[in-house]
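S.K.: how would this look folded up:
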Amino acid sequence: MKILVTGGAGFIGSHLIDRLTVLGHTVIIIDNLTTGKRENINPNSQFYEMDICDTKLAQIFKEHKPEYLFHLAAQIDVRKSVQDPLYDARSNIMGTINLLSLCRNFKVKKFIFSSSGGVIYGDTPQPATEDNPPKPISPYGVAKLAGEGYVKCFGDWEGLKYSILRYANVFGPRQDPKGEAGVVSIFIEQLLRGKKSYLYGDGKLERDYVFVDDVVQANITCLEKGKNSTYNIGTGISTSVNNLYSAIAQIIKKKNEIEFAPKRPGELERNVLNIEKSKKDLGWKPQVSLDEGLRRTYEWFISDEK
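M.R.: Residues are numbered from 1 along each chain as shown. Below is the predicted model:
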C-alpha cells in the first residue's frame, strides 16, 4: 500500500511509520518539524518538510498517489491554544480540511484521524464511551472536535472512508520531556537528573495511560477493520499521578525531591476511556501493561543518553 502519514517525525507518528515500513508499505511523511525531530524519520520512507496547510501539498498527492492517509500532525500545546487560538485553529482545523479536500480530489481510500479522549470528553467519573457528550475546555479540544466533524462530513458527502481514534494518555520511547509532553517522560527525566518533581492536584489526578506500540497497532488495524466510526484507544484503567510516580521511581531506583501542588487551571480530575467498542469492532486491546511500558520507556531514555 502507498500510505501518507502527517506528523511522521513526531512521537507517535514515527513509531507508526517504523511499523508500516516493516510490513512492506510505501510510506510518505509530511512534517513541518515544529515538534517532530529529524532523527525520528525512518530512512525507508520519503520525507517532505512541509506544513499541512501548504497549497503545494497537492504536488505530493499528485506524485505519490497515496491510497491511505494517517493524520497525526497537530498543534498539541493546550496552553498555546489558549494564548493563540487562531494559530491553533489554522493547524488543527484548516490543516485537516486541506488534507480532507486533497483526499477527495485524489481518491484516497481511507482517512485515519488521531484525536484525543482527554480533550474531547473532559472529566470522566466513569470510563467514557464514544457516546459520551463532548466537553472540550480548551481551544485545542474545540479544534480537535471540529476536525472530527469535518472528517465525518467528508465521509457523508464524499464517500471518503474514515476512522477516528480518540487516544488516552499515550507514553513511550521518543516522547520529549520538554515542552508540552507526557508526564511519564517528564518524571523519568527529572528522576534521572535529580530534579524536583511537581505532583499537581496533590498527586490525586487520574489518567488512562496507553503504551505507544498499542496505539500504533490500533492505527494499523483500522486500515482493514476500522469502520466509519469513532474509537477510544486506551486501557480503561485509571492511574493516579501518585501511583504513576511511585512506579517510575521503583523502576529507576532513584528518589528526588517532590512537591505537591494544587491542580492547575483547566486540568482534569479524572479521564479514563471505555474501550469495549474497539475490542468488538477492531479486535484490538492493549497488550503492554503500564509497568512493562514504563520499563521500556526508561530503557530507551538510558540508551538514548549513551
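S.K.: Please enumerate the strands of the protein.
M.R.: Counting by DSSP state E, the chain has strands at residues 2-6, 26-31, 46-49, 68-71, 110-116, 161-167, 169-171, 197-200, 206-207, 209-211, 229-233, 239-240, 258-261, 270-271.
S.K.: would you list the ones you listed in CSV and tack on mean pLDDT?
M.R.: Output for these, formatted as CSV (pLDDT from 0 to 100):
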stretch, mean pLDDT
strand 2-6, 98
strand 26-31, 98
strand 46-49, 98
strand 68-71, 98
strand 110-116, 97
strand 161-167, 98
strand 169-171, 96
strand 197-200, 92
strand 206-207, 96
strand 209-211, 98
strand 229-233, 98
strand 239-240, 97
strand 258-261, 92
strand 270-271, 95
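S.K.: Out of these, the one nearest Trp300 is which?
M.R.: strand 169-171 (10.9 Å; Cβ to Cβ). All C-beta atoms are positioned from the backbone trio N, CA, C, and that covers glycine.
S.K.: on contacts alone, who are the packing partners of the closest one?
M.R.: Packed against strand 169-171 by the contact rule (3 or more Cβ pairs under 8 Å, 6 or more residues apart in numbering; DSSP states H and E) you find helix 183-193, strand 209-211, helix 212-224, helix 290-304.
S.K.: Repeat the analysis, applying 7 Å as the threshold.
M.R.: On a contact count with 3 or more Cβ pairs under 7 Å, 6 or more residues apart in numbering; DSSP states H and E, strand 169-171 meets strand 209-211, helix 212-224.
S.K.: so can I have TSV of the ones you listed showing mean neighbour count?
M.R.: As requested, those are exported to TSV (neighbours: other Cβ atoms under 10 Å):
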stretch	mean neighbour count
strand 209-211	25
helix 212-224	21
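S.K.: buried residues in stretch 274-288?
M.R.: By 16 or more other Cβ atoms under 10 Å, the buried positions in stretch 274-288 come out as Asn274, Ile275, Lys277, Ser278, Asp281, Leu282, Trp284, Pro286, Val288.
S.K.: Could you do stretch 76-88 as well?
M.R.: Using 16+ other Cβ under 10 Å as the test for burial, stretch 76-88 gives Ile76, Asp77, Val78, Lys80, Ser81, Asp88.
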